[in-house]
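Engineer: After the sequence you'll find the predicted model.
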Number of protein chains: 2
Amino acid sequence: MKKLINHVDSVLEESLDGFAAAHADIVSLGPQREFVRRLHTKPGKVALISGGGSGHEPLHAGFVGHGMLDAACPGQVFTSPTPNQMLAAAESVDTGAGVLFIVKNYSGDMMNFQMAAEMLDRDNATVIVNDDVAVENSTYTTGRRGVAGTLIVEKIVGAAAERGDGLAALKVLGDAVNKATASMGVALSSCTVPAAGKPTFQIGADEMEMGVGIHGEPGRRRVKIATADEIAAELAGAVLKDLSLRPGQEAILLVNGFGGTPALELYLMVHAALRVLGGAGVKVVRHLTGSYVTSLEMAGCSITVTAADAAQLALWDAPVNTAALRWGI
Amino acid sequence: MKKLINHVDSVLEESLDGFAAAHADIVSLGPQREFVRRLHTKPGKVALISGGGSGHEPLHAGFVGHGMLDAACPGQVFTSPTPNQMLAAAESVDTGAGVLFIVKNYSGDMMNFQMAAEMLDRDNATVIVNDDVAVENSTYTTGRRGVAGTLIVEKIVGAAAERGDGLAALKVLGDAVNKATASMGVALSSCTVPAAGKPTFQIGADEMEMGVGIHGEPGRRRVKIATADEIAAELAGAVLKDLSLRPGQEAILLVNGFGGTPALELYLMVHAALRVLGGAGVKVVRHLTGSYVTSLEMAGCSITVTAADAAQLALWDAPVNTAALRWGI
């Protein structure tokens, strides 16, 4: 295993310290590094809290700040954070308007966020993200996995929270955006969890994992490597099948790298995906391209489409000031 | 070779088409994709033009837009663009205030930009970036290489151009920022140029290339993998030795990923670098962390330090609206 680390036991804490130092104008670290929180909370605003295993950076800590999350709870690499982390985060950032948890559908996250929600003595609601159309049930989930679409839910709901929407309205909006969002990914290589010290899975020199999850967990099938156009046709095709969009529907396209794929290839995939989506009459009106929801250094990408109306697009466009997304400010 | 591509011959053009589509609010493509230009030029503003081999994305096209470059000329992967591309870009974006070329010190780029500068029938000047302290002369250079510090030069000079500084002043500023900037990198893995189809270099499972260039070219020496702290000590140590900063000097720290290194590790390197810099009395007052000047999917990172005064920090902070850097707008 070759990684820029000191000891496998201190990877997360040293990385969080570096993150907090690099973005000290936006975030601060909670006690014992239990959570990353927005530097200044906004009185009367519903607090948005997400979290999950580390190794998916910039998700979630990179999305803490004005217009997006109020706090993120980082677990160890590919391991759920604890209910105590979520409770500590909620106590720290709730200003009295309640807490909305945004949770990717993984069994560990679901169990721990649910426990936190039950223990929390404050108004709260939970939006579950399950945008991955690759498989129903999988290694770590009952039902569909929550993947890159999570950041779109966090951005749109975050903007609505920032303008002052209440908890009930945010829950409805989050569920609606999740329902209008679909993703599917492909892996060309594995990734290595520091504490494991060896690749999560083996993959042949001419193979790819179609429908892979963001922990390198299996997808639909192991196949021979294909062209970008063929891959885009399958990924975007599965997404379109799930969403059943009407021709002319406006959409956000996220081409997300898993960590080890160059921008050169991601933009080539944008080009390929646009042909598929355009062929189906979908009108891509907003783009996000980059490695935003990663699986450590895994090579590959996912395609996410969110069907959005004018109000949701305005929320997407609204100012955001986080480590990983920053515009309008 | 496993890559998200269709044919090795069309990688660059398909990627540029995807880039232009994804950022159509900021850039447009020149005829025959000879350059990426800012969508709207600003009359009376000196035109900033950079370029170089592709495979280093987001450098340079990702830095085209308000407050940074007016145009970028992409060569094939790791291959210099031609003088004709630079001339076409200059004709397209010069509004009469002249052209400043910002050129990384590689022999091919130097020769072609110099030829373009001589052929160009407009006021022009050139800033050469040679921030890499690893080696004097190398595979593709006479003198030091230009690496990640290039983006800092482009950002600071870009902001000065945006506020209306003239060509001569921008040339002086660019040279000063280059002189105050030093970088050094390390590679843990190689990268594969699509047209070559095999890794640029071989490296053992327990080795790293200390002082690597951004094409995977050799650095100072091949050594056994070390800890993040040891790597940071050598990289930041070499940078500090070159810059000979006084205690209390304010600086920008760029921890740059080469393409295949997760954000988790880059932020850990920020933490490690800060200890080294802090120990030398350097005051890091601005941070940039991410994969900005890459070598395709190479694993590794570089550390760049720019000593900056208050005026230069204000230029760093000034609004920028490009694909890869966006703030204040």
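Structural biologist: Arrived safely, thanks for sending.

Engineer: Can you show me the strands along the stretch 51-200 of chain A?
Structural biologist: A:71-77, A:99-104, A:124-129, A:181-187 (DSSP state E, counting those that start in this stretch).

Engineer: partners of the third one in the sheet?
Structural biologist: With DSSP bridges as the criterion, the sheet partners recorded for strand A:124-129 are strand A:99-104 (parallel).

Engineer: okay, the partner strand in PDB with CA atoms only?
Structural biologist: C-alpha atoms of strand A:99-104 as PDB (Å, rounded to 0.1, in the frame of the first residue of the first chain):
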ATOM      1  CA  VAL A  99     -32.500  19.700  12.400                       C
ATOM      2  CA  LEU A 100     -32.700  18.000   9.100                       C
ATOM      3  CA  PHE A 101     -30.500  14.900   8.700                       C
ATOM      4  CA  ILE A 102     -29.500  14.000   5.100                       C
ATOM      5  CA  VAL A 103     -28.500  10.400   5.100                       C
ATOM      6  CA  LYS A 104     -27.100   8.100   2.300                       C
END
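
Engineer: Relative to the whole chain's centre, how far out is that strand?
Structural biologist: Counting by CA atoms, centre = their mean, to the nearest Å, strand A:99-104 is centred 12 Å from the centre of its parent chain.

Engineer: relative orientation of that strand and strand A:71-77 in degrees?
Structural biologist: Inter-element angle recorded for strand A:99-104 and strand A:71-77: 30 degrees (by axes from the mean of the first three to the mean of the last three CA atoms, to 10 degrees).

Engineer: Flag every residue of the stretch 51-200 of chain A that's near chain B.
Structural biologist: Selection of the stretch 51-200 of chain A residues close to chain B by CB under 8 Å from any CB of the partner chain yields A:Ser54, A:Gly55, A:Glu57, A:Pro58, A:Gly62, A:Val77, A:Leu188, A:Ser189. For the C-beta atoms, the positions are set from N, CA and C on the backbone; glycine is no exception.

Engineer: hmm, back to that, of the strands of the stretch 51-200 of chain A, which stretch is the most buried?
Structural biologist: Highest mean neighbour count of these: strand A:181-187, a mean of 29 (counted as mean count of other CB atoms under 10 Å in any protein chain shown).

Engineer: before we move on, back to that, need the strands of the stretch 51-200 of chain A in a markdown table (columns: mean pLDDT).
Structural biologist: Below are these laid out as a markdown table (pLDDT from 0 to 100):
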| stretch | mean pLDDT |
| --- | --- |
| strand A:71-77 | 98 |
| strand A:99-104 | 98 |
| strand A:124-129 | 98 |
| strand A:181-187 | 98 |
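
Engineer: What does the pLDDT read for the closest residue to chain B within the stretch 51-200 of chain A?
Structural biologist: Going by CB to the nearest CB, chain B is nearest to A:Glu57 of the stretch 51-200 of chain A, at 3.7 Å. On pLDDT, A:Glu57 comes in at 98.

Engineer: In the stretch 51-200 of chain A, where is pLDDT below threshold?
Structural biologist: Scanning the stretch 51-200 of chain A for pLDDT under 70 picks out no residues.

Engineer: Generate JSON lines for the strands of the stretch 51-200 of chain A, with distance to B:Gly18 as supplementary columns.
Structural biologist: What follows is the strands of the stretch 51-200 of chain A, written out as JSON lines (distance: least, CB to CB, whole Å):
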{"stretch": "strand A:71-77", "distance to B:Gly18": "30"}
{"stretch": "strand A:99-104", "distance to B:Gly18": "27"}
{"stretch": "strand A:124-129", "distance to B:Gly18": "26"}
{"stretch": "strand A:181-187", "distance to B:Gly18": "17"}
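
Engineer: Roughly how far does A:Lys42 sit from B:Asp132?
Structural biologist: Applying CB to CB, to the nearest Å, the value for A:Lys42 to B:Asp132 is 44 Å.

Engineer: returning to what we had before: and the furthest pair within the residues of the stretch 51-200 of chain A next to chain B?
Structural biologist: Greatest spacing in those, by CB to CB: A:Gly62 and A:Leu188 (23.6 Å).

Engineer: Which one of those two is surrounded by more residues?
Structural biologist: Remark: of A:Gly62 and A:Leu188, A:Gly62 carries more neighbours, 27 against 23, as counted by other CB atoms under 10 Å in any protein chain shown.

Engineer: Tell me if I'm right that the more buried one and A:Val320 touch.
Structural biologist: No - the criterion here is CB atoms under 8 Å, and A:Gly62 misses it with A:Val320 at 11.2 Å.

Engineer: which residues touch the closest residue to A:Ala97 other than its chain neighbours?
Structural biologist: Using CB to CB, 6 or more residues apart in numbering or on different chains and skipping residues adjacent in sequence, the residue nearest A:Ala97 is A:Val46, 4.7 Å away. A:Val46 makes contact with A:Ala97, A:Gly98, A:Val99, A:Leu100, A:Ala161, A:Asp165, A:Gly166, A:Leu167, A:Leu170, according to CB atoms under 8 Å, 6 or more residues apart in numbering or on different chains.

Engineer: rewinding a little: name the nearest of the residues of the stretch 51-200 of chain A next to chain B relative to B:Ala272.
Structural biologist: Using CB to CB, the shortest approach to B:Ala272 within those belongs to A:Glu57, at 16.7 Å.

Engineer: returning to what we had before: for A:Lys42 and B:Asp132, indicate the residue with more neighbours.
Structural biologist: B:Asp132 (34 against 16).

Engineer: Roughly how far does the nearest residue to the more buried one once chain neighbours are set aside sit from chain A?
Structural biologist: Spatially, and ignoring its direct neighbours in sequence, B:Asp132 is nearest to B:Arg145 (4.0 Å; CB to CB, 6+ apart). According to CB to the nearest CB, to the nearest Å, B:Arg145 stands 20 Å off from chain A.

Engineer: How many neighbouring residues does B:Arg145 have?
Structural biologist: B:Arg145: 28 neighbours (other CB under 10 Å).

Engineer: surely A:Lys45 meets A:Gly96?
Structural biologist: No - the pair formed by A:Lys45 and A:Gly96 falls short of the contact definition of CB under 8 Å, at 9.5 Å.

Engineer: and A:Leu100, what is it in contact with?
Structural biologist: A:46-49, A:124-127, A:157, A:161, A:167, A:170-171, A:174.

Engineer: rerun that using 7 Å as the cut-off
Structural biologist: Counting by CB atoms under 7 Å, 6 or more residues apart in numbering or on different chains, A:Leu100 touches A:Val46, A:Leu48, A:Ala125, A:Val127, A:Leu167, A:Leu170, A:Lys171, A:Gly174.

Engineer: Then A:Asn124?
Structural biologist: Counting by CB under 7 Å, 6+ apart, A:Asn124 makes contact with A:Gly98, A:Val99, A:Phe101, A:Ala117.

Engineer: Equivalent analysis for A:Ser189, please.
Structural biologist: By CB under 7 Å, 6+ apart, A:Ser189 lies in contact with A:Ile203, A:Gly260, A:Met298, A:Ala299.

Engineer: again, only using 8 Å
Structural biologist: Contact analysis of A:Ser189 by CB under 8 Å, 6+ apart lists A:Ile203, A:Gly260, A:Glu297, A:Met298, A:Ala299, A:Gly300, B:Lys2.

Engineer: Top of the residues you listed by number of neighbours, please.
Structural biologist: Going by other CB under 10 Å, A:Met298 tops the contacts of A:Ser189 with 31 neighbours.
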